[in-house]
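Asks: The following block contains a protein sequence and its predicted model.
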Amino acid sequence: MKVLFLSLLLGVICAAQEEEAQPSLSELSGQWRTAYIASSNLGKIKPNGPFRVYLQKLLFDDEQGTIDFYFYVKHKGKWEYKHVTGIKQDDGTFAVDYEGENVFAVTHASRNILVAHNINVDEHGKKTVLTGLFVKVNIEEEGLQKFKELTQEKGIKEKNVVNFIETDD
């Protein structure tokens, strides 16, 4: 009886120490804001660049297999509100039609942070790799670290990182 009790207790302790699982995508739906974006092509995230986006909201629909992006982007000095929808692919990424063809993926998520990766191929066939850190409240150090690791892993130079919190207007 003691062995059974100790086994049960050990199982509960081990389960409590496991790292918190990432939430399902539908649980991530809601208000988000852009914290950082990095790009292999700095022109895409410069002021008035098409990927210098100020995210407002993300909606994931697991049943439909879609993601809806609601964001603002400056075009010719004027703010434009955009709504773009992506379709979930078999590999878990999303195909998104915005400024060319995109493959978008969430690489890490918690209740307050979302780290993502996007590959854009524009109308000229030029490939751009982007990474992003989006937050609900404040940036968690873990999220910032995961964003930096992903950015480095994707070969994007640190000088190509834009801190949206410090430049938001």
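Replies: Here it is on my side, so go on.

Asks: How about the contacts made by residue 25?
Replies: Each residue near residue 25 by CB atoms under 8 Å, 6 or more residues apart in numbering is listed here: 60, 62, 67, 106, 109. In short, each C-beta sits where N, CA and C put it, glycine included.

Asks: Turn those residues into CSV, columns for neighbour count and distance to residue 120.
Replies: Listed next are the contacts of residue 25 as CSV, based on neighbours: other CB atoms under 10 Å; distance: CB to CB, whole Å:
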residue, neighbour count, distance to residue 120
60, 20, 20
62, 12, 25
67, 21, 15
106, 20, 16
109, 19, 21
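
Asks: Out of the residues you listed, which sit inside helices?
Replies: Secondary structure assignment by DSSP state H places none of the contacts of residue 25 in helices.

Asks: ok, those vs residue 161, which is closest?
Replies: Set against residue 161, the nearest of the contacts of residue 25 by CB to CB is residue 106 (19.0 Å).

Asks: Contact partners for the most centrally placed residue in the chain?
Replies: The structure's the chain has its C-alpha centroid closest to residue 116; by CA atoms, centre = their mean the separation is 2.8 Å. Applying CB under 8 Å, 6+ apart, one finds that residue 116 lies in contact with 104-107, 131-132, 134.

Asks: What strand or helix carries it?
Replies: strand 113-121 (DSSP states H and E).

Asks: and that strand, how far from the chain's centre?
Replies: Distance, stretch centre to chain centre, for strand 113-121: 5 Å (CA atoms, centre = their mean, to the nearest Å).

Asks: Over to stretch 133-148?
Replies: Put simply, stretch 133-148 sits 10 Å off its chain's centre (CA atoms, centre = their mean).

Asks: Quick one: end-to-end length of that stretch, please.
Replies: Using CA to CA, to the nearest Å, the end-to-end distance of stretch 133-148 comes to 9 Å.

Asks: Could you pull out the buried residues of that stretch?
Replies: Residues of stretch 133-148 classed as buried by neighbour count (16 or more other CB atoms under 10 Å): 133-135, 139, 143-144, 146-148.

Asks: Could you do stretch 67-81 as well?
Replies: 67, 69, 71, 73-74.

Asks: pLDDT (mean, whole number) over that stretch?
Replies: For stretch 67-81, mean pLDDT rounds to 94.

Asks: dump the residue contacts of the closest residue to residue 127 other than its chain neighbours.
Replies: Leaving aside its sequence neighbours, residue 127 sits nearest to residue 121 (CB to CB, 6 or more residues apart in numbering; 5.2 Å). Residue 121 is in contact with 100-102, 127-128, counting by CB under 8 Å, 6+ apart.
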